[in-house]
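Trainee: Sequence and predicted structure below; questions after.
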Amino acid sequence: MAFELFSKKWYHNVSMHEIAEKAGFSVGTLYKFFRNVVLLVILAGLLLTACNRRQTAPPPQIPEVAVVTVQPQKVVLTTKLPGRTSAFRVAEVRPQVSGLLLKRLFKEGSDVKAGQVLYQIDPAPFQAALDNAEAALAKAESNLPPIRLRVERYRELLPSKAVSQQDYDDAVAALKQAQAEIKYWKAQVRTARINLGYTKVTAPISGRIGRSNVTEGAIVTAYQPTPLAVIHQLDPIYVDVPQSTVELLHLKRRLREGNLYHGGVDQTKVKLILEDGTVYPYDGIFQFRDVSVDPTTGSVILRMIFPNPKRILLPKMFVRAVIKEGVKKDAILVPQQAVLRTPRGEPYVLVVGSEDKVERRMFKLDRAIGNKWLVASGLSAGDRVIVEGLQFIRPGMRVKVAAWGGN
């Protein structure tokens with residue numbers, strides 16, 4: 001009835017008081033009623049507008065991903081093995097005669113040359129022994145001429161029976177004894193001269209000498225067990241690294257089956273990484289693999305030799321050697337950021353398959369090479385591996401493909 005009266009107000013100029021009287025309401029109540037009606041009409045209009053907009057909204061966009069197309073490539077495979085350096089040559093300096101040590105003639109920690117005098121042992125008793133031997137030799141040599149003349153005279157008189165055969169034989173024996181005595185004293189002179197020379201203790205090799213184990217005034221003995229000092233030749237220097245027999249057998253099998261090929265002359269070149277992670281500036285050369293296995297570790301020792309002109313490498317230093325295993329001609333590499341893992345830790349990648357739909361592909365990893373993974377199995381040439389946009393997709397979704405711009 002209120003709507004009828006309200007319509008009459010507009011078409012027949014009926015006042016609000018008249019409408020309120022005929023409807024049985026107060027004017028205020030009538031105003032509230034019409035205000036609520038207007039609000040309901042506005043709300044209904046808004047709801048209709050929202051429904052129309054929802055029906056006309058555009059469909060969701062297809063997610064875009066960046067992919068890298070897998071292609072076989074030639075890769076040099078290397079392995080890093082920990083090891084330690086060892087001196088090229090080590091000489092323990094020991095005295096060859098006993099005596100009193102008078103002087104130390106080198107600076108500890110310095111470089112010495114082969115033949116350089118390191119210690120001086122008191123030469124006086126050895127000089128006296130040499131003088132004594134030389135005097136005895138001179139005496140023996142002075143007795144030789146008259147004995148030789150006696151033998152010659154007896155030889156001439158023997159046919160005429162002027163001397164007996166016994167006298168001649170005694171003269172010949174005396175001559176041989178004098179000659180033997182001369183040889184003996186000559187040997188004694190040489191021995192005394194050698195011992196006198198041994199009082200100057202010299203360096204047997206060139207290298208860097210360590211600390212001295214004795215000081216001036218010490219009594220040293222010939223060939224004593226404790227060396228006077230130790231010399232290390234540091235240029236070149238050895239690097240010894242252990243390689244497990246399992247890795248060795250695995251490498252030999254891959255070479256035998258044709259999965260790896262030797263890299264030629266460069267195969268023997270070795271790089272070195274120092275303890276602080278820096279690369280050693282000089283390349284080394286692989287020398288040999290030991291012929292026996294250490295039963296405690298199950299490994300064999302690989303020995304390399306490196307130039308060390310700046311003495312960067314010191315004996316017993318920990319290093320890592322980068323050894324070339326061989327060349328893989330059909331290696332498949334994928335960026336590390338493309339590799340995902342299952343809750344069990346198994347690696348997989350998402351690839352774009354037929355009709356540009358996402359597929360999940362399980363595969364096996366071999367090793368990391370730079371910022372990429374070397375694939376052992378599970379991927380083949382031509383597979384499009386998703387590298388970017390992984391967080392917006394799942395298997396079965398259709399995607400828009402773009403080339404990946406990374407390396």
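Mentor: Received it, and whenever you're ready, just let me know what you need. Nothing here was measured: the structure is a model prediction, and the numbers come from that model. Numbers count the residues shown, from 1 in each chain.
Trainee: Just give the closest residue to the residue most central in space within the chain, not the sequence neighbours.
Mentor: By C-alpha atoms, centre = their mean, the chain has its centre lying nearest to Arg320, at 1.3 Å. Counting by C-beta to C-beta, 6 or more residues apart in numbering, Ile273 is the residue found nearest to Arg320 once chain neighbours are left out, at 4.3 Å. Heads up, the C-betas are built off the backbone N, CA and C, glycines and all.
Trainee: Next one: that neighbour from Arg289, what distance?
Mentor: 21 Å (C-beta to C-beta, to the nearest Å).
Trainee: Name the residue in these two with the higher neighbour count.
Mentor: Ile273 (15 against 11; other C-beta atoms under 10 Å).
Trainee: Return the per-residue confidence for the more buried one.
Mentor: Looking at Ile273, its pLDDT reads 93.
Trainee: Tell me who's in contact with it.
Mentor: 80, 279-280, 319-322 (C-beta atoms under 8 Å, 6 or more residues apart in numbering).
Trainee: Repeat the analysis, applying 10 Å as the threshold.
Mentor: Contact partners of Ile273, counting by C-beta atoms under 10 Å, 6 or more residues apart in numbering, are 80, 82, 279-280, 319-322.
Trainee: farthest pair in those?
Mentor: Farthest pair in these (C-beta to C-beta) is Pro82 and Val279. Separation: 15.5 Å.
Trainee: What's the mean pLDDT across stretch 290-305?
Mentor: 84.
Trainee: Go through the protein and flag its longest strand.
Mentor: Secondary structure of the chain per DSSP state E: the longest strand is strand 73-93.
Trainee: What residues sit buried inside that one?
Mentor: 75, 77-78, 81, 83, 85-88, 91, 93 (16 or more other C-beta atoms under 10 Å).
Trainee: Please apply the same query to stretch 395-407.
Mentor: 399, 404.
Trainee: now it: mean pLDDT?
Mentor: Summarised as a single mean, pLDDT over stretch 395-407 is 83.
Trainee: quick one: the residue nearest to Arg320 and Lys80, what's the gap?
Mentor: Computed as C-beta to C-beta, the Ile273 to Lys80 distance reads 7 Å.
Trainee: any common contacting residues for these two?
Mentor: 320-322.
Trainee: Among these, which are located in strands?
Mentor: 320-322.
Trainee: Return the closest of those residues with respect to Gln165.
Mentor: For these, the nearest to Gln165 is Ala321 (82.6 Å; C-beta to C-beta).
Trainee: Look at the closest one and report its pLDDT.
Mentor: 90.
Trainee: what do you get for the one 4 residues further on?
Mentor: What the model reports as pLDDT for Glu325 is 76.
Trainee: Let me see the ranges of the strands in the stretch 151-300 of the chain.
Mentor: 200-202, 207-209, 219-220, 229-244, 269-273, 284-289, 299-306 (DSSP state E, counting those that start in this stretch).
Trainee: I'd like those written out as a markdown table, with distance to Asp169 added.
Mentor: Shown next, in a markdown table, are these (distance: least, C-beta to C-beta, whole Å):
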| stretch | distance to Asp169 |
| --- | --- |
| strand 200-202 | 49 |
| strand 207-209 | 61 |
| strand 219-220 | 51 |
| strand 229-244 | 59 |
| strand 269-273 | 76 |
| strand 284-289 | 66 |
| strand 299-306 | 67 |
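Trainee: picking that back up, please identify which of the buried residues of strand 73-93 is nearest to Ile393.
Mentor: Val75 (29.5 Å).
Trainee: Who are the contact partners of the closest one?
Mentor: Val75 touches 326-333, 369, 372, 374, counting by C-beta under 10 Å, 6+ apart.
Trainee: Now, those residues that are in strands?
Mentor: Using DSSP E, the contacts of Val75 in strands are 326-331, 333, 369, 372, 374.
Trainee: ok, which stretches of the stretch 251-400 of the chain are helices?
Mentor: With DSSP state H, counting those that start in this stretch, there are no helices along the stretch 251-400 of the chain.
Trainee: cool, the stretch 51-200 of the chain as well?
Mentor: 124-157, 165-197.
Trainee: So which elements touch the first one?
Mentor: The reference is to helix 124-157. strand 99-104, helix 165-197 (3 or more C-beta pairs under 10 Å, 6 or more residues apart in numbering; DSSP states H and E).
Trainee: Save the ones you listed as a markdown table, and put in mean pLDDT, mean neighbour count and distance to Leu234 too.
Mentor: What follows is the helices and strands packed on helix 124-157, written out as a markdown table (pLDDT from 0 to 100; neighbours: other C-beta atoms under 10 Å; distance: least, C-beta to C-beta, whole Å):
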| stretch | mean pLDDT | mean neighbour count | distance to Leu234 |
| --- | --- | --- | --- |
| strand 99-104 | 94 | 17 | 22 |
| helix 165-197 | 92 | 15 | 28 |
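Trainee: and of the ones you listed, who's closest to Ala402?
Mentor: strand 99-104 (75.8 Å).
Trainee: Show residues contacting the closest one.
Mentor: In contact with strand 99-104 (C-beta under 10 Å, 6+ apart) are residues 95, 117-126, 195, 198-201, 212, 214-222, 228-229.
Trainee: how's this protein carved up into domains?
Mentor: 2-55, 65-74+332-403, 77-86+232-327, 95-122+199-226, 124-197 (automatic domain parsing).
Trainee: Now find how far off-centre the fourth one is within its chain.
Mentor: The gap between the average C-alpha position of domain 95-122+199-226 and the chain average comes to 36 Å, counting by C-alpha atoms, centre = their mean, to the nearest Å.
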